[in-house]
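Participant: predicted model and sequence below, questions to follow.
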Amino acid sequence: MNGPTTIMGFVRHVLGVLIVLLIGIGIATPAATMLAPMMDRELFAIRGTSMAPTIPTGALSIVAERPASELRVGDVVTWRGDNGVYVTHRVAELLEADGQRYVRTKGDANVTADPEPVPERAIIGVVEAWVPLGGYALVVLATPSGLVAWLSFAMALLVLDSLLGAPTPHAPRARHVATFGQPVRKG
């Protein structure tokens, strides 16, 4: 096999893999977002570095609902602050004050625990699993412009793949017909 054919085959193979990944992620992410609540789960994009290296930035976390009474020190929980921001940190301590239960949390990468204990009512649930980089897809596909951009990129790759696979037209070859002992006619 010559060089350009091998390179072109490799490029088409890479394009095929990218197309499959884009379409697969483009279908799986919205489907997971819709199915998660039916299974008492929520999906969150990890946007900070406080849980690194345990949970990297850009990961998609899968959070299962769990009663606060079942929380244990060491669980990784997601909670909603009074300001509406979701935080994912590890339970460092279980507290009780004035008949209310609280949880002190700490990011794995942070030197100190969070300054304020989290009331149990703010706890969304426990992180069951995470998918590296999956949070980026969740964030992009959650907006109409992100979805259009994602689909446009996939379509552009499909068109490029189609163009690379199209046969190249060849110039017509001149036909010279001659038989032994007779002159070749031109024209």
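Facilitator: Received it, and whenever you're ready, just let me know what you need. Numbering: from 1, shown residues only.
Participant: nearest spatial neighbour of the residue most central in space within the chain, skipping sequence neighbours?
Facilitator: The residue lying closest to the centre of the chain (C-alpha atoms, centre = their mean) is Gly134, at 2.9 Å. Excluding the flanking residues, the one nearest Gly134 by C-beta to C-beta, 6 or more residues apart in numbering is Leu60, at 3.0 Å. Glycine gets a C-beta too; all of them are placed from N, C-alpha and C.
Participant: which residue packs closest to Gly135, ignoring adjacent ones?
Facilitator: Ala45 (3.1 Å).
Participant: need the pLDDT of the residue nearest to the centre of the chain.
Facilitator: Looking at Gly134, its pLDDT stands at 92.
Participant: got a list of what the residue nearest to Gly134 touches?
Facilitator: Residues counted as contacts of Leu60 (C-beta atoms under 8 Å, 6 or more residues apart in numbering) are Leu43, Phe44, Ala45, Ile46, Trp130, Val131, Leu133, Gly134, Gly135, Ala137, Leu138.
Participant: of those residues, which is the most crowded?
Facilitator: Ile46 (25 neighbours; other C-beta atoms under 10 Å).
Participant: next up, the contacts around the nearest residue to it once chain neighbours are set aside.
Facilitator: Nearest non-adjacent residue to Ile46, counting by C-beta to C-beta, 6+ apart: Ala59, 4.5 Å away. The contact partners of Ala59, by C-beta under 8 Å, 6+ apart, come to Ala45, Ile46, Trp130, Val131, Pro132, Leu133, Gly134, Gly135.
Participant: hmm, who's touching stretch 84-101?
Facilitator: Outside stretch 84-101, the residues that reach it (C-beta under 8 Å, 6+ apart) are 44, 46, 50-51, 55, 61, 63, 68-69, 71-81, 102-108, 110, 113-114, 117, 119-120, 124, 127.
Participant: inside strands: which ones of the residues you listed?
Facilitator: For these, the ones inside strands are 44, 61, 63, 76-80, 102-106, 119, 124, 127, with DSSP state E as the criterion.
Participant: so which of those residues comes closest to Arg12?
Facilitator: Nearest to Arg12, judged by C-beta to C-beta, of the ones in strands among the contacts of stretch 84-101 is Ser61 at 35.8 Å.
Participant: tally of neighbours for the closest one?
Facilitator: Residues near Ser61, counting by other C-beta under 10 Å, number 24.
Participant: that one contacts Val126, correct?
Facilitator: No: counting by C-beta atoms under 8 Å, Ser61 does not reach Val126; the two are 10.1 Å apart.
Participant: re the thing from before, dig out what the residue nearest to Gly134 forms beta bridges with.
Facilitator: Leu60 has the following beta-bridge partners by DSSP bridges: Ala45, Val131.
Participant: mind showing which ranges of this structure have poor pLDDT?
Facilitator: Along the chain, segments meeting pLDDT under 70 span 1-5, 166-187.
Participant: switch the cut-off to 90
Facilitator: 1-16, 19-31, 33, 67-69, 98-99, 141-144, 146-148, 150-151, 154-155, 157-187 (pLDDT under 90).
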